[in-house]
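Colleague: structure of the sequence below:
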Amino acid sequence: MDDNYQEYLKKKHAEYVTPQYKIDELVQKATDSTIKFQKRLMLGEANEVYDIKTDKEKDVILRISHGGQQYSFKAEKWALEESAKAGVPVPEVLYVEDFELDGKDCSACVLKKLLGEPLGNRIHEKRITEEELSSVLKQVGMFLAKMHTVKPKRFGHLKTPGEAECDSWYEFITRHKDKTELFKQILRGRNLDENYIPKIYEVFEEYREQLESVTPHLIHGDMGYEHIFVDGNTVTGIIDFGIAKSGEPAHDFAWWEFFKGEDENTLGYLEEGYKTESDLGSDYEIRKNIEKLFLSLQLMNYYYNGHYEEGVNICLKNMKKGLEFFQKI
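Modeller: Just a heads-up that it's a prediction; the model follows:
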(Lines give C-alpha, C1' and ligand atoms only; values in the text may rest on other atoms or scores of the structure.)
Protein backbone atom coordinates (compact mmCIF):
# COMPACT_ATOMS: atom_id res chain seq x y z
CA MET A 1 0.00 0.00 0.00
CA ASP A 2 1.66 3.23 -1.13
CA ASP A 3 2.06 6.34 1.03
CA ASN A 4 -0.43 8.35 -1.04
CA TYR A 5 -3.14 5.75 -0.51
CA GLN A 6 -2.33 5.54 3.21
CA GLU A 7 -2.78 9.31 3.50
CA TYR A 8 -6.01 9.09 1.52
CA LEU A 9 -7.30 6.41 3.93
CA LYS A 10 -6.36 8.47 6.97
CA LYS A 11 -8.40 11.40 5.69
CA LYS A 12 -11.37 9.15 4.93
CA HIS A 13 -11.30 7.46 8.33
CA ALA A 14 -10.91 10.74 10.20
CA GLU A 15 -14.47 11.50 9.09
CA TYR A 16 -15.82 8.38 10.83
CA VAL A 17 -16.22 8.76 14.59
CA THR A 18 -18.70 6.83 16.76
CA PRO A 19 -18.95 7.53 20.53
CA GLN A 20 -17.62 4.76 22.77
CA TYR A 21 -20.98 4.32 24.49
CA LYS A 22 -22.55 3.34 21.16
CA ILE A 23 -19.74 0.90 20.38
CA ASP A 24 -20.21 -0.68 23.82
CA GLU A 25 -23.96 -0.93 23.27
CA LEU A 26 -23.64 -2.59 19.86
CA VAL A 27 -21.16 -5.20 21.12
CA GLN A 28 -23.34 -5.91 24.16
CA LYS A 29 -26.37 -6.54 21.96
CA ALA A 30 -24.42 -8.77 19.59
CA THR A 31 -22.49 -10.87 22.10
CA ASP A 32 -24.20 -10.45 25.49
CA SER A 33 -20.79 -9.44 26.84
CA THR A 34 -18.65 -6.35 27.35
CA ILE A 35 -15.52 -5.15 25.60
CA LYS A 36 -12.23 -6.36 27.06
CA PHE A 37 -10.01 -5.11 24.22
CA GLN A 38 -10.65 -3.04 21.12
CA LYS A 39 -8.43 -1.85 18.29
CA ARG A 40 -9.46 0.42 15.47
CA LEU A 41 -8.47 -0.87 12.04
CA MET A 42 -7.85 1.35 9.03
CA LEU A 43 -9.40 -1.03 6.51
CA GLY A 44 -11.29 -0.15 3.35
CA GLU A 45 -12.59 3.25 2.37
CA ALA A 46 -16.20 3.17 3.50
CA ASN A 47 -16.54 2.07 7.13
CA GLU A 48 -15.28 2.56 10.68
CA VAL A 49 -13.85 -0.85 11.72
CA TYR A 50 -12.89 -2.35 15.10
CA ASP A 51 -11.26 -5.62 16.14
CA ILE A 52 -12.81 -6.53 19.50
CA LYS A 53 -12.39 -9.20 22.19
CA THR A 54 -15.05 -9.41 24.89
CA ASP A 55 -14.89 -10.45 28.54
CA LYS A 56 -16.39 -13.78 27.47
CA GLU A 57 -13.49 -14.31 25.06
CA LYS A 58 -15.60 -13.67 21.98
CA ASP A 59 -13.65 -12.29 19.01
CA VAL A 60 -15.70 -10.04 16.76
CA ILE A 61 -15.36 -7.36 14.11
CA LEU A 62 -17.54 -4.26 14.37
CA ARG A 63 -18.16 -2.24 11.20
CA ILE A 64 -20.01 1.07 11.24
CA SER A 65 -21.23 2.91 8.13
CA HIS A 66 -21.81 6.66 8.20
CA GLY A 67 -23.06 6.71 4.61
CA GLY A 68 -26.78 7.18 5.17
CA GLN A 69 -29.81 4.95 4.63
CA GLN A 70 -28.52 3.62 1.31
CA TYR A 71 -25.62 1.94 3.14
CA SER A 72 -27.54 -0.22 5.60
CA PHE A 73 -25.82 -3.50 6.43
CA LYS A 74 -29.14 -5.34 6.10
CA ALA A 75 -28.54 -5.89 2.38
CA GLU A 76 -24.97 -7.06 3.04
CA LYS A 77 -26.25 -9.48 5.70
CA TRP A 78 -28.49 -11.05 3.07
CA ALA A 79 -25.57 -11.35 0.62
CA LEU A 80 -23.35 -12.99 3.25
CA GLU A 81 -25.99 -15.46 4.36
CA GLU A 82 -26.98 -16.44 0.81
CA SER A 83 -23.32 -16.87 -0.12
CA ALA A 84 -22.82 -19.14 2.87
CA LYS A 85 -25.76 -21.28 1.71
CA ALA A 86 -24.07 -21.53 -1.72
CA GLY A 87 -20.89 -22.90 -0.13
CA VAL A 88 -18.79 -19.73 0.14
CA PRO A 89 -16.84 -19.26 3.40
CA VAL A 90 -17.91 -15.91 4.86
CA PRO A 91 -18.00 -14.41 8.36
CA GLU A 92 -21.09 -15.11 10.46
CA VAL A 93 -23.28 -12.05 11.02
CA LEU A 94 -24.11 -11.73 14.72
CA TYR A 95 -26.01 -8.46 14.72
CA VAL A 96 -27.10 -5.61 12.42
CA GLU A 97 -28.63 -2.31 13.50
CA ASP A 98 -29.56 0.90 11.71
CA PHE A 99 -29.42 3.95 13.97
CA GLU A 100 -29.17 7.73 13.99
CA LEU A 101 -26.09 9.60 15.22
CA ASP A 102 -25.98 13.40 15.40
CA GLY A 103 -28.90 13.59 12.99
CA LYS A 104 -27.25 11.26 10.43
CA ASP A 105 -28.33 7.77 9.43
CA CYS A 106 -25.78 5.10 10.30
CA SER A 107 -25.63 1.31 10.21
CA ALA A 108 -23.62 -1.22 12.22
CA CYS A 109 -22.72 -4.84 11.68
CA VAL A 110 -21.05 -7.19 14.18
CA LEU A 111 -19.34 -10.23 12.65
CA LYS A 112 -17.70 -13.28 14.13
CA LYS A 113 -13.97 -12.90 13.52
CA LEU A 114 -12.54 -15.29 10.95
CA LEU A 115 -9.56 -17.55 11.51
CA GLY A 116 -6.35 -16.50 9.83
CA GLU A 117 -5.30 -13.20 8.30
CA PRO A 118 -5.84 -11.13 5.15
CA LEU A 119 -4.01 -12.51 2.12
CA GLY A 120 -2.72 -8.98 1.58
CA ASN A 121 -0.63 -9.20 4.77
CA ARG A 122 1.25 -12.26 3.52
CA ILE A 123 1.83 -10.70 0.11
CA HIS A 124 3.01 -7.37 1.55
CA GLU A 125 5.40 -9.16 3.93
CA LYS A 126 6.54 -11.61 1.22
CA ARG A 127 5.45 -14.65 3.23
CA ILE A 128 3.89 -16.51 0.31
CA THR A 129 5.35 -18.31 -2.69
CA GLU A 130 3.92 -18.12 -6.22
CA GLU A 131 2.76 -21.74 -5.88
CA GLU A 132 0.95 -20.96 -2.64
CA LEU A 133 -0.64 -17.83 -4.12
CA SER A 134 -1.83 -19.87 -7.08
CA SER A 135 -3.46 -22.41 -4.77
CA VAL A 136 -5.21 -19.73 -2.73
CA LEU A 137 -6.53 -17.80 -5.73
CA LYS A 138 -7.82 -20.95 -7.42
CA GLN A 139 -9.88 -21.53 -4.27
CA VAL A 140 -11.15 -17.95 -4.47
CA GLY A 141 -12.11 -18.45 -8.11
CA MET A 142 -14.10 -21.55 -7.18
CA PHE A 143 -15.88 -19.62 -4.42
CA LEU A 144 -16.68 -16.77 -6.84
CA ALA A 145 -18.42 -19.31 -9.09
CA LYS A 146 -20.48 -20.50 -6.13
CA MET A 147 -21.30 -16.90 -5.15
CA HIS A 148 -22.49 -16.17 -8.67
CA THR A 149 -25.14 -18.89 -8.36
CA VAL A 150 -27.04 -16.65 -5.90
CA LYS A 151 -29.86 -14.87 -7.74
CA PRO A 152 -30.97 -11.47 -6.38
CA LYS A 153 -33.80 -9.49 -7.94
CA ARG A 154 -33.15 -6.70 -10.46
CA PHE A 155 -29.72 -5.16 -11.13
CA GLY A 156 -27.07 -2.95 -9.57
CA HIS A 157 -26.35 -2.17 -5.93
CA LEU A 158 -28.34 -4.12 -3.37
CA LYS A 159 -30.54 -1.44 -1.83
CA THR A 160 -32.67 -3.86 0.21
CA PRO A 161 -32.05 -7.50 1.17
CA GLY A 162 -32.05 -9.52 -2.04
CA GLU A 163 -33.14 -6.72 -4.39
CA ALA A 164 -31.22 -4.15 -6.43
CA GLU A 165 -32.09 -0.78 -7.95
CA CYS A 166 -32.31 -1.06 -11.75
CA ASP A 167 -34.41 -2.94 -14.29
CA SER A 168 -31.44 -4.07 -16.43
CA TRP A 169 -27.65 -4.24 -16.31
CA TYR A 170 -27.55 -1.82 -19.24
CA GLU A 171 -29.52 0.71 -17.21
CA PHE A 172 -27.11 0.33 -14.30
CA ILE A 173 -23.85 0.75 -16.23
CA THR A 174 -25.10 3.77 -18.19
CA ARG A 175 -26.42 5.65 -15.17
CA HIS A 176 -23.44 8.05 -15.12
CA LYS A 177 -24.27 9.41 -18.57
CA ASP A 178 -25.47 12.66 -17.01
CA LYS A 179 -21.89 13.25 -15.85
CA THR A 180 -20.48 13.18 -19.40
CA GLU A 181 -19.37 16.84 -19.29
CA LEU A 182 -17.64 16.33 -15.94
CA PHE A 183 -15.78 13.30 -17.29
CA LYS A 184 -14.69 15.27 -20.36
CA GLN A 185 -13.48 18.08 -18.10
CA ILE A 186 -11.38 15.60 -16.08
CA LEU A 187 -9.73 14.33 -19.27
CA ARG A 188 -9.13 17.83 -20.65
CA GLY A 189 -7.46 18.81 -17.39
CA ARG A 190 -4.96 15.99 -17.93
CA ASN A 191 -4.38 16.70 -21.63
CA LEU A 192 -6.24 13.56 -22.68
CA ASP A 193 -8.73 13.08 -25.50
CA GLU A 194 -12.19 13.97 -24.16
CA ASN A 195 -13.70 11.86 -26.95
CA TYR A 196 -12.83 8.78 -24.89
CA ILE A 197 -16.09 9.39 -23.02
CA PRO A 198 -18.55 9.25 -25.95
CA LYS A 199 -16.56 6.31 -27.34
CA ILE A 200 -17.26 4.38 -24.14
CA TYR A 201 -20.99 4.99 -24.51
CA GLU A 202 -20.74 3.93 -28.15
CA VAL A 203 -19.41 0.57 -26.92
CA PHE A 204 -22.30 0.28 -24.46
CA GLU A 205 -24.76 0.98 -27.26
CA GLU A 206 -23.11 -1.50 -29.63
CA TYR A 207 -23.55 -4.23 -27.01
CA ARG A 208 -26.84 -2.95 -25.60
CA GLU A 209 -28.81 -6.08 -26.51
CA GLN A 210 -26.22 -8.26 -24.79
CA LEU A 211 -26.18 -6.01 -21.71
CA GLU A 212 -29.97 -6.05 -21.48
CA SER A 213 -29.96 -9.86 -21.64
CA VAL A 214 -27.73 -10.21 -18.54
CA THR A 215 -29.50 -12.16 -15.79
CA PRO A 216 -29.05 -11.39 -12.07
CA HIS A 217 -26.07 -12.94 -10.29
CA LEU A 218 -24.67 -11.93 -6.91
CA ILE A 219 -21.27 -10.31 -7.49
CA HIS A 220 -18.87 -9.27 -4.75
CA GLY A 221 -17.92 -6.00 -6.40
CA ASP A 222 -14.73 -5.37 -4.40
CA MET A 223 -12.59 -8.49 -4.69
CA GLY A 224 -9.00 -7.92 -3.61
CA TYR A 225 -6.25 -9.39 -1.43
CA GLU A 226 -7.48 -7.50 1.63
CA HIS A 227 -10.89 -9.18 1.40
CA ILE A 228 -9.55 -12.75 1.27
CA PHE A 229 -8.76 -14.41 4.62
CA VAL A 230 -6.38 -17.35 4.76
CA ASP A 231 -5.16 -19.75 7.43
CA GLY A 232 -1.99 -21.22 5.97
CA ASN A 233 -2.94 -21.87 2.35
CA THR A 234 -6.63 -22.44 3.04
CA VAL A 235 -9.17 -19.73 2.33
CA THR A 236 -11.17 -19.24 5.53
CA GLY A 237 -13.40 -16.46 4.31
CA ILE A 238 -14.34 -13.79 1.79
CA ILE A 239 -15.21 -10.54 3.56
CA ASP A 240 -16.71 -7.09 2.91
CA PHE A 241 -19.78 -7.38 0.69
CA GLY A 242 -20.46 -3.67 1.23
CA ILE A 243 -20.73 -2.89 -2.48
CA ALA A 244 -22.08 -6.28 -3.58
CA LYS A 245 -24.23 -6.06 -6.68
CA SER A 246 -26.65 -8.02 -8.80
CA GLY A 247 -25.58 -8.42 -12.39
CA GLU A 248 -22.77 -9.51 -14.72
CA PRO A 249 -20.35 -12.13 -13.27
CA ALA A 250 -17.47 -10.80 -15.40
CA HIS A 251 -17.61 -7.66 -13.24
CA ASP A 252 -15.64 -9.38 -10.44
CA PHE A 253 -12.83 -10.32 -12.84
CA ALA A 254 -12.80 -6.85 -14.38
CA TRP A 255 -12.47 -5.34 -10.90
CA TRP A 256 -9.52 -7.62 -10.10
CA GLU A 257 -7.73 -6.77 -13.35
CA PHE A 258 -8.58 -3.08 -12.93
CA PHE A 259 -6.39 -2.84 -9.81
CA LYS A 260 -3.94 -5.72 -10.30
CA GLY A 261 -3.10 -5.13 -13.96
CA GLU A 262 -2.90 -7.47 -16.91
CA ASP A 263 0.73 -8.52 -16.51
CA GLU A 264 0.26 -10.57 -13.35
CA ASN A 265 -0.63 -14.26 -13.31
CA THR A 266 -3.19 -13.74 -10.56
CA LEU A 267 -6.22 -13.22 -12.79
CA GLY A 268 -5.42 -16.49 -14.55
CA TYR A 269 -5.41 -18.32 -11.22
CA LEU A 270 -8.86 -16.92 -10.39
CA GLU A 271 -10.19 -17.90 -13.81
CA GLU A 272 -8.75 -21.41 -13.52
CA GLY A 273 -10.44 -21.95 -10.17
CA TYR A 274 -13.71 -20.54 -11.48
CA LYS A 275 -13.73 -22.96 -14.39
CA THR A 276 -13.77 -25.93 -12.01
CA GLU A 277 -17.29 -24.88 -11.08
CA SER A 278 -18.66 -22.85 -14.00
CA ASP A 279 -18.01 -21.75 -17.59
CA LEU A 280 -16.80 -18.18 -18.17
CA GLY A 281 -18.41 -18.12 -21.62
CA SER A 282 -17.03 -17.63 -25.14
CA ASP A 283 -17.65 -13.85 -24.96
CA TYR A 284 -15.92 -13.47 -21.59
CA GLU A 285 -13.19 -11.07 -22.81
CA ILE A 286 -15.79 -8.76 -24.37
CA ARG A 287 -17.91 -8.79 -21.21
CA LYS A 288 -14.88 -8.22 -18.97
CA ASN A 289 -13.69 -5.22 -21.00
CA ILE A 290 -17.17 -3.68 -21.04
CA GLU A 291 -17.08 -3.90 -17.25
CA LYS A 292 -13.63 -2.26 -17.17
CA LEU A 293 -14.98 0.67 -19.16
CA PHE A 294 -17.93 0.97 -16.79
CA LEU A 295 -15.60 0.86 -13.77
CA SER A 296 -13.43 3.55 -15.38
CA LEU A 297 -16.38 5.94 -15.26
CA GLN A 298 -17.86 4.83 -11.93
CA LEU A 299 -14.57 4.95 -10.03
CA MET A 300 -13.27 8.08 -11.76
CA ASN A 301 -16.33 9.87 -10.44
CA TYR A 302 -15.69 8.43 -6.96
CA TYR A 303 -11.96 9.20 -6.80
CA TYR A 304 -12.28 12.63 -8.41
CA ASN A 305 -14.84 13.66 -5.79
CA GLY A 306 -12.59 12.16 -3.09
CA HIS A 307 -9.57 14.16 -4.38
CA TYR A 308 -7.46 11.00 -4.82
CA GLU A 309 -5.40 11.65 -7.95
CA GLU A 310 -3.76 8.23 -8.10
CA GLY A 311 -7.21 6.63 -8.19
CA VAL A 312 -8.20 8.88 -11.10
CA ASN A 313 -5.02 7.85 -12.93
CA ILE A 314 -5.82 4.15 -12.47
CA CYS A 315 -9.22 4.80 -14.03
CA LEU A 316 -7.74 6.65 -17.00
CA LYS A 317 -5.22 3.86 -17.62
CA ASN A 318 -7.98 1.24 -17.66
CA MET A 319 -10.21 3.43 -19.81
CA LYS A 320 -7.50 3.63 -22.47
CA LYS A 321 -6.82 -0.12 -22.39
CA GLY A 322 -10.52 -0.95 -22.54
CA LEU A 323 -11.06 1.22 -25.60
CA GLU A 324 -7.96 -0.23 -27.27
CA PHE A 325 -9.46 -3.71 -26.83
CA PHE A 326 -12.63 -2.76 -28.70
CA GLN A 327 -10.69 -0.98 -31.44
CA LYS A 328 -8.91 -4.25 -32.19
CA ILE A 329 -11.95 -6.52 -32.52
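
Colleague: residues in contact with the closest residue to residue 59 other than its chain neighbours?
Modeller: Excluding the flanking residues, the one nearest residue 59 by C-beta to C-beta, 6 or more residues apart in numbering is residue 113, at 4.0 Å. The way it works is simple: take the backbone N, C-alpha and C, and place the C-beta from them, glycine included. Listed by C-beta atoms under 8 Å, 6 or more residues apart in numbering, the contact set of residue 113 reads 51, 59, 60, 61, 91.

Colleague: which ones among those map onto strands?
Modeller: Among these, the members found in strands (DSSP state E) are 51, 59, 60, 61.

Colleague: all helices for the chain, in order.
Modeller: Along the chain, counting by DSSP state H, helices occupy 3-14, 20-31, 73-85, 119-124, 130-147, 169-173, 180-188, 196-206, 208-212, 250-260, 266-275, 284-305, 309-328.

Colleague: now those in a markdown table, with distance to residue 101?
Modeller: Formatted as a markdown table, these follow (distance: least, C-beta to C-beta, whole Å):
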| stretch | distance to residue 101 |
| --- | --- |
| helix 3-14 | 16 |
| helix 20-31 | 7 |
| helix 73-85 | 15 |
| helix 119-124 | 30 |
| helix 130-147 | 32 |
| helix 169-173 | 30 |
| helix 180-188 | 31 |
| helix 196-206 | 38 |
| helix 208-212 | 39 |
| helix 250-260 | 31 |
| helix 266-275 | 38 |
| helix 284-305 | 23 |
| helix 309-328 | 28 |
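
Colleague: now render those helices as TSV, adding mean pLDDT, distance to residue 162 and mean neighbour count.
Modeller: Below are those laid out as TSV (pLDDT from 0 to 100; distance: least, C-beta to C-beta, whole Å; neighbours: other C-beta atoms under 10 Å):
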stretch	mean pLDDT	distance to residue 162	mean neighbour count
helix 3-14	71	29	13
helix 20-31	98	23	16
helix 73-85	97	5	20
helix 119-124	95	29	17
helix 130-147	98	14	20
helix 169-173	98	16	23
helix 180-188	96	32	16
helix 196-206	98	27	17
helix 208-212	98	22	15
helix 250-260	96	18	22
helix 266-275	97	24	19
helix 284-305	97	22	21
helix 309-328	96	30	17
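
Colleague: out of those, nearest to residue 219?
Modeller: helix 250-260 (5.0 Å; C-beta to C-beta).

Colleague: contact partners for the residue nearest the centre of the chain?
Modeller: Most central in the chain under C-alpha atoms, centre = their mean is residue 222, positioned 1.7 Å from the mean C-alpha point. By C-beta under 8 Å, 6+ apart, the contact list for residue 222 reads 240, 241, 242, 243, 244, 255.

Colleague: most neighbours among the residues you listed, which one is it?
Modeller: Of all those, residue 241 has the most neighbours under the rule other C-beta atoms under 10 Å, reaching 26 neighbours.
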